[in-house]
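**Q** Sequence and predicted structure below; questions after.
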Amino acid sequence: MKRIVSLSLLCIMIIIAQTGCGQKEKKEISDSGFYLDTQCTITVYSEDEEKGKEIVADAFELCKNYEDKMSKTIKGSDVYKVNNAGGKAVSVSDETKEVIEMGIEMCEASDGKFDITVGRLTDLWDFKSDDPEVPSENDLEQAVSTVGSEKIKIRGNDVVIEGGKAKIDLGGIAKGYISGKVADFIEEQGVENAVINFGGNVVTIGKKTDGSDWNVGIQDPNAEGQQILGATKAADQAVITSGIYERKFKAGGKTYHHIIDPKTGYPVENDVEGVTLKCPRDKAGQCDAMSTICLLMGSDEGMKFIESNKDFEALFYCKDGSVKKTEGMDFEKRE
């Protein structure tokens, strides 16, 4: 009888011990760095703090690896080589090829409002300069004449720019793509709860550790600093925000921002100040491009564009202070 009781007590102790291990609290591990021309933050939740730190470090290493392939300014990158090949074929990585192909699809879907061959235009508009200037009309006309995604030809992994004059710029799509791939990597390491924030490109893994959705803040475009307009909920989703307020300068009494219309060469002018899109996590690259497309289209055309793409929801904040959103976009305005 005592042996049976002892065995029963032992079983109870094992069950309690195993239950206790299963309920071990997850720690928040977070780090930041400057990548993709913006401040990037990765936050994971793990029971093993050292393992969590290792995963975050490896995730940033992966981000840098992608940047080294897709940046148009890093010498030796795939894109740099293509842009400086004078119309000759350049073999690129599978990842760069995928983003270029995705970029071409976005060009076609937007009827050319978004175009990844705007490299010569973006070279002219230097928003990072201490003393930025408006490019000359002649220079802009010449740069606009080089734009056209149909000039990109892909055979296998070889990429050619016909005529050799256009330049590829993946700045409007690569950040979303990379944030999604980094999220995939983190999940593959066994992480169930995480947030990747690459300068307005937010990708969530799972939900918060308490089982509730993540609250993703949306910046107020008319406020000084990082004030929040409101928030939307997300779980295993990408929430990507773009706005004309991100990079700008004044010259001759006029404000110029970085969302350039590839058809005119000048910053686009319409009723939209900023836009936030939400979609499944695996569509983060398209979401990045589509946020720019919406800024280029304006709210009315942009709403129709998003409503024709069932996986996406949108919030437009307009210059007159009004907010427009698609039916499925949850948004709680900050009072």
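**A** Okay, I see it.

**Q** dump the residue contacts of the residue most central in space within the chain.
**A** Nearest to the geometric centre of the chain sits Gly176, at 2.6 Å (Cα atoms, centre = their mean). Residues near Gly176 by Cβ atoms under 8 Å, 6 or more residues apart in numbering: Asn201, Ala238, Ile240, Ala284, Gly285, Gln286, Cys287, Asp288, Ala289. Yep, even glycine has a C-beta here, placed from its N, CA and C like the rest.

**Q** How about Arg281?
**A** The contact partners of Arg281, by Cβ under 8 Å, 6+ apart, come to Gly180, Ala183, Val203, Thr204, Ile205, Asp236, Gln237, Ala238.

**Q** Can you pull the domain assignment for the chain?
**A** What automatic domain parsing lists as the domains of the chain is 27-69+172-333, 76-161.

**Q** To which secondary structure element is the residue nearest to the centre of the chain assigned?
**A** Element membership of Gly176, judged by DSSP states H and E, is helix 174-188.

**Q** so which strand or helix has the closest residue to Gly200 other than its chain neighbours?
**A** Nearest non-adjacent residue to Gly200, counting by Cβ to Cβ, 6 or more residues apart in numbering: Thr241, 4.5 Å away. Assessed by DSSP H and E, Thr241 sits inside strand 237-243.

**Q** Could you check how far that strand is from the centre of its chain?
**A** 7 Å (Cα atoms, centre = their mean, to the nearest Å).

**Q** which residues touch that strand?
**A** Residues from elsewhere that reach strand 237-243 (Cβ under 8 Å, 6+ apart): 176, 179-180, 200-204, 216, 218-219, 221, 232, 259, 273-281, 283-284, 287-288, 291-292, 294-295, 317.

**Q** what is the mean pLDDT for the next helix or strand after that strand?
**A** Sequence order places strand 248-251 as the next helix or strand after strand 237-243, per DSSP H and E. Strand 248-251 shows a mean pLDDT of 89.

**Q** go on, stretch 100-107?
**A** 97.

**Q** Now do the buried residues in that stretch.
**A** Neighbour counts over stretch 100-107 (16 or more other Cβ atoms under 10 Å) mark Ile100, Met102, Gly103, Ile104, Met106, Cys107 as buried.

**Q** Also stretch 252-269?
**A** Quick answer for stretch 252-269 (16+ other Cβ under 10 Å): Tyr256, His257, His258, Ile259, Ile260, Asp261, Pro262, Gly265, Tyr266, Pro267, Val268.

**Q** Check stretch 186-198 too.
**A** Across stretch 186-198, burial judged by 16+ other Cβ under 10 Å covers Ile186, Glu187, Gln189, Val191, Asn193, Ala194, Val195, Ile196, Asn197, Phe198.

**Q** Relative to Val56, which of the residues you listed is nearest.
**A** Ile186 (8.2 Å; Cβ to Cβ).

**Q** Do I have it right that that closest one meets Ile196?
**A** Yes - if you go by Cβ atoms under 8 Å, Ile186 and Ile196 touch, sitting 7.3 Å apart.

**Q** in the stretch 1-150 of the chain, which spans are strands?
**A** 27-35, 38-46, 90-91 (DSSP state E, counting those that start in this stretch).

**Q** Need those strands in TSV (columns: distance to Asn84).
**A** Converted to TSV, these look like this (distance: least, Cβ to Cβ, whole Å):
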stretch	distance to Asn84
strand 27-35	23
strand 38-46	25
strand 90-91	9
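
**Q** so which of those strands is the most packed in?
**A** Mean neighbours per residue, mean count of other Cβ atoms under 10 Å, is largest over these for strand 38-46, with a mean of 19.

**Q** For it, enumerate the helices and strands it packs against.
**A** Strand 38-46 is packed against strand 27-35, helix 49-70, helix 174-188, strand 194-198, with contacts defined by 3 or more Cβ pairs under 8 Å, 6 or more residues apart in numbering; DSSP states H and E.

**Q** Show me the one of these that comes nearest Thr122.
**A** Nearest of the helices and strands packed on strand 38-46 to Thr122, taken as Cβ to Cβ: helix 174-188 at 13.0 Å.

**Q** Return the angle between stretch directions for that closest one and strand 27-35.
**A** Counting by axes from the mean of the first three to the mean of the last three Cα atoms, to 10 degrees, helix 174-188 points 150 degrees away from the direction of strand 27-35.

**Q** For helix 174-188, list every residue counted as buried.
**A** 174-183, 185-187.

**Q** Please apply the same query to stretch 215-222.
**A** Val216, Gly217, Ile218, Gln219, Asp220, Pro221.

**Q** again with stretch 327-335
**A** Met329, Phe331.

**Q** on that earlier part again, filter the contacts of strand 237-243 to the buried ones?
**A** 176, 179-180, 200-204, 216, 218-219, 221, 232, 259, 273-279, 281, 283-284, 287-288, 291-292, 294-295, 317.

**Q** Quick check: strands, which of the residues you listed are part of them?
**A** Applying DSSP state E to those, the entries found in strands are 201-204, 216, 218-219, 232, 273-279, 317.

**Q** Tell me the confidence at the residue nearest to Val99 when sequence neighbours are not counted?
**A** Leaving aside its sequence neighbours, Val99 sits nearest to Tyr177 (Cβ to Cβ, 6+ apart; 5.2 Å). Looking at Tyr177, its pLDDT stands at 97.
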